[in-house]
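[1] A predicted structure for the sequence below; I have some questions about it.
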Amino acid sequence: MEQLEVIQSKIYDIRGQKVMLDRDLAEMYGVETRALNQAVKRNTDRFPIDFMFQLTDEETEIWKSQIVMSNSIKMGVRRNPYAFTELGVAMLSSVLNSKTAIQINMGIMRAFVAVRQLLLSPPINPVHELQREVKELKEYIEEVFADYNDINDDTRMQLELINQTLAELQAQKALADKPRNPIGFITPKKK
């Protein structure tokens, strides 16, 4: 993982493309920049403009000012560096055909893929994720309470009807249990 991060730190955005410079690639492959560029020049038909381009003087100055470099490296920039796109880096593995080059090239390809994936789907902000979850939970709770209130209203109505019916039944029972005055002639009781 550490090697991937080192490689990712050497991927620059130049002319709207993700590229790696010849110096960084030569360092990773364990060859001199001069040797890498000579191998590329011997195979120019494999490196069209969308695979590789040379930085302009202005781009080189901007690159030198943005990248923290030691003075010995800065002093060694005699010509503008070449920038290799992802396709150009892939093509380098066929030009520099050694086991080290192949292994390094696989790591570089993985780094390019990781950078692309990072650009396409940036990491989720935990605060936004929590806000989204809280919003979903709030909507769910409001829905549950709305359902609960609907049930409550129905239940309240049913309970009122039951209470009303019970009150009517009690009133009827009270009338039924009330002693009635006998109808007719009452004879006095003997003692």
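    Happy to help now that I have it.
[2] Hmm, residue 22 and residue 32 touching each other?
    No: the pair residue 32 / residue 22 is not scored as a contact, 10.3 Å apart, by Cβ atoms under 8 Å. In this view, the C-beta of every residue, glycine as well, is placed from N, C-alpha and C.
[3] These two: which has the busier surroundings?
    Higher neighbour count among residue 32 and residue 22: residue 22, with 22 against 12, using other Cβ atoms under 10 Å.
[4] In a strand, residue 24, correct?
    No: per DSSP: H, G, I helix; E, B strand; the rest coil, residue 24 lies outside any strand segment and is helix.
[5] quick one: it from residue 125, how far?
    31 Å (Cβ to Cβ, to the nearest Å).
[6] More neighbours: the two, which one.
    Higher neighbour count among residue 24 and residue 125: residue 24, with 21 against 10, using other Cβ under 10 Å.
[7] So what's the model's average confidence on the helix or strand harbouring residue 141?
    In this structure, residue 141 sits in helix 126-177 according to DSSP states H and E. Mean pLDDT, helix 126-177: 82.
[8] heads up, I number from 841, so please use that
    Sure, I'll start numbering at 841, so the last one becomes helix 966-1017.
[9] Figure out how far that helix is from the centre of its chain.
    Centroid separation for helix 966-1017 versus its chain: 41 Å, with Cα atoms, centre = their mean, to the nearest Å.
[10] Equivalent analysis for stretch 929-941, please.
    With Cα atoms, centre = their mean, you get 34 Å for stretch 929-941.
[11] Would you mark the buried spots in it?
    929, 931, 932, 933, 935, 936, 941 (16 or more other Cβ atoms under 10 Å).
[12] for stretch 853-867, same thing?
    Neighbour counts over stretch 853-867 (16+ other Cβ under 10 Å) mark 854, 858, 859, 860, 861, 862, 863, 864, 865, 866, 867 as buried.
[13] Which helix or strand in this structure has the lowest average pLDDT?
    helix 911-915 (a mean of 44; mean pLDDT, DSSP states H and E).
[14] helix or strand right after that one?
    According to DSSP H and E, the helix or strand after helix 911-915 is strand 922-925.
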